[in-house]
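Visitor: A predicted structure for the sequence below; I have some questions about it.
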Amino acid sequence: MTTMTTAALPGSIWGAAHHADARRPRSVQTQLGASDTICQRRAGYILAGAERNNPYADKRAAILGTYIHRGLLEDARREYGWLVERVVANDLIRGHIDAVHLDAEAAARVPKRHRPLVLAEALTVEDVKTKSSRIWDRVLRFGPTAAEMRQVLLYALLLREVGFADLPGQRYLHRLGPLDVQRIRFRFVCRDTGEEHVQEFPFDLWLAEEARWWVERVLEAETPEELRRDHDGPGLSTVCDNCPFITACWPEVAPGAPAQTALVHDDADRADALDRYVRAHERWRAADAEKKKVRKMLDASPEGNYGRNHLGWTGGNDKDETDVPAMVGMFEDADLVVPMVPDAEAMVKILRRAGFVVPVRRAAAQTSRSIKVSVARKAA
């Protein structure tokens, strides 16, 4: 029998996950991918082959999302015959499409063993996104972000103009040539609850050309620093917090100072920042006043669906408090010294050390009542 000592075990299984993630093609690629269009400057660093260095990144949530994403697509391939993780590319960009749903005309030109079990009414490009419950309400309300929309439009545009890439394992698809993509679909999956939300849009050629223009502007830049930062920086944006080029994009500033101080160089920058601050504060003040008014308007309303929104309430519950007079009586019965000015916290500690149950009573006040507004819930 072989005995393994604990000294041979790694400190955390996440070390293995992070090392594996760092070796994935997307983590080392130097050609721009459709999923890299989240930020112009980040895309510029990829094309420039800049060093990837982010000692602050916490990629655990993203790695879990990758595991869920991969498992869902593989099961859909086996059970439904989906075409998953297929490569498209041209001279500008490449990408891996999560799923392509063929219509009857396209499926008829594919070998029978590769045909999907269910045909699409119209040829559709689908992207699966995993999200946390923290932003799930925003997903339900507003759907894909501009970057997510740009990514899928680029996939669809590549399929319409070039078709599938000529690669082993998908040459039968390459022989189909350009395909008439009519729809794009987003399938959002909540990592925490498993809830699923699907949104579908007609393919929009004008928006697709705008996405191509975005890529062309990045390719035209001589240096990444010519390109704009599309997010607010470390501490304000999770995209920046986990960007592999954070140290190149955000130069070091004085110890303890926010990274954004690097954006101010002279008095003109300070004047512009102050003007923006004043305008933003005025918008916030007006919005905050409106929220407070509407909150009071709804105070007597019961929970339930109202139009597109669900009204819920939290708090407003009875609250217990320590019963000081009862504790004084317990101290006297136990021959304990009662403080001249009862100190509730100290008396609680003494009673607990002595093995007594601390007496409590129902407080006159209740816990604060908070409004909770979410997307209207589906009828059971």
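Guide: That came through, no problem. Numbers count the residues shown, from 1 in each chain.

Visitor: what's Leu263 in contact with, if anything?
Guide: Residues counted as contacts of Leu263 (CB atoms under 8 Å, 6 or more residues apart in numbering) are 269, 273. Placement of C-beta: from N, CA and C, glycine included.

Visitor: Residue numbering should commence at 36 henceforth.
Guide: New numbering, starting at 36: the last item is Leu298.

Visitor: Against His53, how distant is it?
Guide: Separation of Leu298 from His53 (CB to CB, to the nearest Å): 30 Å.

Visitor: same question, Leu118
Guide: In terms of CB to CB, Leu118 sits 31 Å off from His53.

Visitor: Ala324 too?
Guide: 46 Å.

Visitor: For Arg396, give me its contacts.
Guide: Neighbours of Arg396 in contact, by CB under 8 Å, 6+ apart: 355-356, 358, 361.

Visitor: ok so it is a strand residue?
Guide: Yes. Assigned with DSSP: H, G, I helix; E, B strand; the rest coil, Arg396 falls within a strand.

Visitor: Could you list everything it pairs with in the sheet?
Guide: Glu356 (DSSP bridges).

Visitor: And it, what's its pLDDT?
Guide: With respect to pLDDT, Arg396 has a value of 79.

Visitor: cool, Arg264 as well?
Guide: Reading off the model, Arg264 has pLDDT 94.

Visitor: cool, and the one 4 residues further on?
Guide: According to the prediction, Gly268 has pLDDT 92.

Visitor: you'd agree Asp159 is up against Glu235?
Guide: Not Asp; residue 159 is Thr. Yes. Contact criterion CB atoms under 8 Å: Thr159 and Glu235 qualify, at 7.5 Å.

Visitor: Which one's more surrounded, those two?
Guide: When Thr159 and Glu235 are compared for neighbours, Thr159 comes out ahead with 19 against 12, by other CB atoms under 10 Å.

Visitor: quick one: low-confidence ranges for this protein?
Guide: 36-46, 60-65, 375-377, 399, 401-402, 415 (pLDDT under 70).

Visitor: For it, just list every one of the strands.
Guide: Here the chain has its strands, by DSSP state E, at 118-124, 129-136, 159-166, 218-225, 231-237, 339-341, 344-349, 353-357, 395-401, 405-410.

Visitor: In TSV, list those along with distance to Ala200.
Guide: TSV is the format used below for these (distance: least, CB to CB, whole Å):
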stretch	distance to Ala200
strand 118-124	4
strand 129-136	7
strand 159-166	15
strand 218-225	19
strand 231-237	24
strand 339-341	47
strand 344-349	44
strand 353-357	63
strand 395-401	63
strand 405-410	38
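
Visitor: Run the chain-centre distance for the helix of greatest length in the chain.
Guide: Ordering each helix of the chain by length in residues (DSSP state H) puts helix 302-332 first. In terms of CA atoms, centre = their mean, to the nearest Å, the centre of helix 302-332 is set 26 Å apart from its chain centre.

Visitor: Now for the nearest residue to Pro90 once chain neighbours are set aside: which residues touch it?
Guide: Computed as CB to CB, 6 or more residues apart in numbering, the closest residue to Pro90 that is not its neighbour in sequence is Thr282, at 7.9 Å. Neighbouring residues of Thr282 by CB under 8 Å, 6+ apart: 88-90.

Visitor: So what's the residue count around the nearest residue to Val410 once chain neighbours are set aside?
Guide: Leaving aside its sequence neighbours, Val410 sits nearest to Leu175 (CB to CB, 6+ apart; 4.3 Å). Residues lying near Leu175 (other CB under 10 Å) number 18.

Visitor: Make sure Leu175 is actually in contact with His232.
Guide: Yes. Counting by CB under 8 Å, Leu175 touches His232, with 5.9 Å between them.

Visitor: Could you report the distance from the spatially closest residue to Ala96 that is not a sequence neighbour to Leu298?
Guide: Counting by CB to CB, 6+ apart, the nearest residue to Ala96 once its immediate chain neighbours are dropped is Ser167, at 6.6 Å. To Leu298, Ser167 is 29 Å away according to CB to CB.

Visitor: same check, this time on Ala155
Guide: From Ala155 to Leu298 the distance is 47 Å (CB to CB).
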